[in-house]
Each structure stands twice: as structure tokens, then as C-alpha cells.
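Novice: heads up, no residue letters with this:
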């Protein structure tokens, strides 16, 4: 709660003379050449028409086309190779939801919220296309014989190449892109921990033919998702490339987010994930989401998701909670990494809630009821302790007492009984803080005794 000092009332005329005008942020106007959103959505629908056909077949049959190719390929009039590529695109665009395979039978497939809204919601269409665009390196995987480290460096460097193309406003020669790519890869290597202090001592960049080949792969993959138009070819690489209207819109949006963040008071765009999340801890949800979006826009999606999950693995429960808030901003591209994180005890409750919220995107489910419906009793108790730890470290005793109301257990004795066996590493500290803050002496004594028992290894 923020206390605002009372200001004596002033005459209306004086108020009109002295009241500062609140600046209103003007909605940025896209640059010349970028169509309206309705036209962009029309282009995305046309580009993904076959992908949507495959997704709707899967929705209708409840089967994954790649495991039922003998039925899907003739029904859709596609070759098996086309079917595999389009099915991969449908999953990356978030058009379908697919459960984990189990021993009982084949995995069930259902249509996602974007597929359900595809014909009527331009925002759903553009979000689906952006998800596919951000996963371009998975749509067309790198050559199997390519060096994986160099491939990762090129994936990291591509946003800078696309930003250069956006600012250029026209076709860019492959020679310019190759030179920019070489510079960016050099910067990435020099910035690594333990890298040589000078460029002269740094290991040489990969031979030009390999760099040229992988630049060609990246441009072809970006063209496959509809972000680039390619002109002529010399061997493995197009002679020139330019952004499509969809690609230009996506890059303009990212650059605009970066510019807005650079002007914001928080200015966390250059921080690590932990630093950015700490900077957002005191912000209200709206400004915090703007910071998340800007921080994410300045980084490749995969490494950014990995960095957020690494931040969530730390000791600070508040950072853990904020990291998953930031991952909600990422959306579908984070799904695979979050699903893998659900196997880690420290991340599991947050990951399960994230997955439930994402898979039910667009539904009216009450987020306050999610812990009771998605998590086991022990997982919900662990999450309660983790949230209490954040309240203890960053809040007040009253905040910790208020947190008691969110516990599933109807009474403090039942809560203590389950807290003692939930396995959270900060259980003792939370119980001691709760005992110190509780106004009832008998309850405080009971909580303190529970802390002592946990400390001594007893339940």
C-alpha cells in the first residue's frame, strides 16, 4: 500500500494554471511499407493455410498425423515429407495441444485456442505466426554435419541481422549479411567467460565456406516461415534478401519494444535475467510485463528462456515467481523447456501451473483455484512455503500473516503437519518468521515448536 500525503485543495483556476499535463504515450505508427494488422493477418492465414488444414485434421480425428500418416497423407493430399513438415509447424505455431505419450495408447491431440479462433481473431493468427517465426531454426533444422557450436552462434546472431535488414528498408546483399554475421560471431566468442583478451589471440572464425553455407541455411529457414523474400542464388546462399511485410512488422515490433524499454525508468534491458527480475520486483504487473517483453525482444527466445529458468533455480523465491511471470510473456515457444523443468522439484509447481494456464489459454479458469486443481496436496504446500519465503525475505510480517489465508489447509495445526513434510529447504526460516509475526502467543509457540522439530529432522 502506498500512502499519499494529503494536499490542500486549491482554487480551480490555480489548479488549471499549475496542474502539470500528464504525458500520454502515443501508439507507435508502423513505418511505410508495413500493412495494417488485418492485412498482415490475411497474409499469415494464406501462408499457414496448409498448416491449419493439417491441424484441423488432427483436431477432428484426435490423432497426430505423423503417427497416422497412412490415413492423413491421402486424406490431405500431401506427401509424407510435406505432412511431417506441416505437422511440425502446427505444433510450433501453437495450433494444437498434444499430451505426453503413455502406455495406454497413442497420444491424444486436440485443437489449441489459436486454431479455434483462427477464422475470427486476427490477434490469434498473428501470435501463431510469430511463434512459428521465433522457432525458425526448428522449422528447418541445420545441416546434420554442421558444427553445433557454430549453429548456436548463428541462431544467436540472426536477430541482429534481421534488425539490420529492417533498418535498411530494402534488399540487403548476402555479402553485407556475411560480414555482419562474422562480426557478431566474433563478439559472441570474445564475450564468453575465459575468452582470449584480444582479437588477435581469439580462435579464428569458421572458414568462410562453412559460414556461407550456414548463412544460406538461416536465410532459407527464415524464408520458409514467411519472414524473408530471397533473390537469386549463388551456390548455398541467396544473392540478396529482404524482409516480407510480416517479417518487417515482427522486427519493427521488437525494435519498438527495445526503444520503449530504453526510455523507461527501469531500464533493465541490458541486465542478466536475475538483474532484470530484481529490477521488476517493485513494479506493478503492467510495467513489469513491458520490461519482460523488451528484455525478451533483445534476445533469441531459446537462450532467454534458458536464462529465466536458470534464474528460477536460485535460492530467491521471489525471483522464481517473477521468472515464471516472464515466461508467461514468452508463451508457446517456452513450452518444451517448461515441460522439461517440471521434472525438477524446485520448479515443478510453477511449471505445472504455467503449463495448465498455457494449455488452457483463452479459457475462463480461475487462476486462484489452479493450485488446488493442478497440483497435488504436497506440491501445493511446497508452493505455499516458497511463496511465504518470498513474503518473508521481501515483505513484512503482516504480509506473511495475510498469506495464511491462501493455504489449502483449514487450520494452522493441519497446515503445520503438512508443512513439516513438504521438503522445502526454507521451511524452518518460514516457520520462525511466522511465529515471530503471529499475534497469538499460543499459536506462535506451536509454530516455533514445529520449526524446532523440522530443524532436528523430526516431523
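Specialist: Looks like it came in fine. Just so it is clear, the model here is predicted, and its values are computed rather than measured.
Novice: shouldn't residue 268 be in contact with residue 295?
Specialist: Yes. At 6.1 Å, residue 268 and residue 295 qualify as touching, with contact defined as Cβ atoms under 8 Å. For glycine as for every other residue, the C-beta is placed from the backbone atoms N, C-alpha and C.
Novice: when those two are compared, which one has more neighbours?
Specialist: residue 295 (29 against 21; other Cβ atoms under 10 Å).
Novice: what helix or strand is that one located in?
Specialist: Take DSSP states H and E as the rule and residue 295 turns out to sit in helix 285-297.
Novice: can you check residue 343 too?
Specialist: For residue 343, there is no host helix or strand (DSSP H and E).
Novice: where are the low-confidence patches of the stretch 201-350 of the chain?
Specialist: Applying pLDDT under 70 to the stretch 201-350 of the chain picks out residues 201-207, 235-236, 257-267.
Novice: pop the domain breakdown of this structure in here.
Specialist: Taking automatic domain parsing as the reference, the chain has its domains at 37-124, 138-248, 266-346, 377-455.
Novice: for the nearest residue to residue 448 once chain neighbours are set aside, give me its contacts.
Specialist: Closest residue to residue 448 in three dimensions, ignoring its sequence neighbours and counting by Cβ to Cβ, 6 or more residues apart in numbering: residue 435, at 4.2 Å. Going by Cβ atoms under 8 Å, 6 or more residues apart in numbering, residue 435 touches 444-445, 447-448, 451.
Novice: restricted to helices, list those.
Specialist: Members of the contacts of residue 435 lying in helices (criterion: DSSP state H): 444-445, 447-448, 451.
Novice: give me the buried subset of these.
Specialist: In terms of neighbour count (16 or more other Cβ atoms under 10 Å), the buried residues within the ones in helices among the contacts of residue 435 are 447-448, 451.
Novice: could these be laid out in CSV, adding distance to residue 253 and pLDDT?
Specialist: Output for those, formatted as CSV (distance: Cβ to Cβ, whole Å; pLDDT from 0 to 100):
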residue, distance to residue 253, pLDDT
447, 50, 81
448, 54, 82
451, 50, 80
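Novice: next, count neighbours for residue 316.
Specialist: Residues lying near residue 316 (other Cβ under 10 Å) number 19.
Novice: also residue 141?
Specialist: 12.
Novice: where does it land in three-state SS?
Specialist: coil (DSSP: H, G, I helix; E, B strand; the rest coil).
Novice: follow-up on the earlier one: nearest to residue 287, of the ones in helices among the contacts of residue 435?
Specialist: Closest approach between these and residue 287, by Cβ to Cβ: residue 447, at 36.2 Å.
Novice: what's the closest non-adjacent residue to the closest one?
Specialist: residue 435 (4.0 Å).
Novice: tell me which residues touch the residue nearest the centre of the chain, please.
Specialist: Nearest to the mean C-alpha position of the chain, by Cα atoms, centre = their mean, lies residue 330 at 2.2 Å. Residue 330 makes contacts with 296, 301, 304-305, 308, as judged by Cβ under 8 Å, 6+ apart.
Novice: repeat that with 7 Å
Specialist: Residue 330 sits next to 296, 301, 305 when contact means Cβ atoms under 7 Å, 6 or more residues apart in numbering.
Novice: hang on, isn't residue 244 packed against residue 224?
Specialist: No. Counting by Cβ atoms under 7 Å, residue 244 stays clear of residue 224, with 11.7 Å between them.
Novice: all strands for the protein, in order.
Specialist: Taking DSSP state E, the strands of the chain run over residues 96-98, 109-111, 172-173, 228-234, 237-243.
Novice: deepest of the ones you listed, which one?
Specialist: Using mean count of other Cβ atoms under 10 Å, the stretch among the strands of the chain with the greatest mean number of neighbours is strand 237-243 (a mean of 21).
Novice: starting from it, tell me which strands it pairs with and how they run.
Specialist: Paired strands of strand 237-243, with direction, are strand 172-173 (antiparallel), strand 228-234 (antiparallel) (DSSP bridges).
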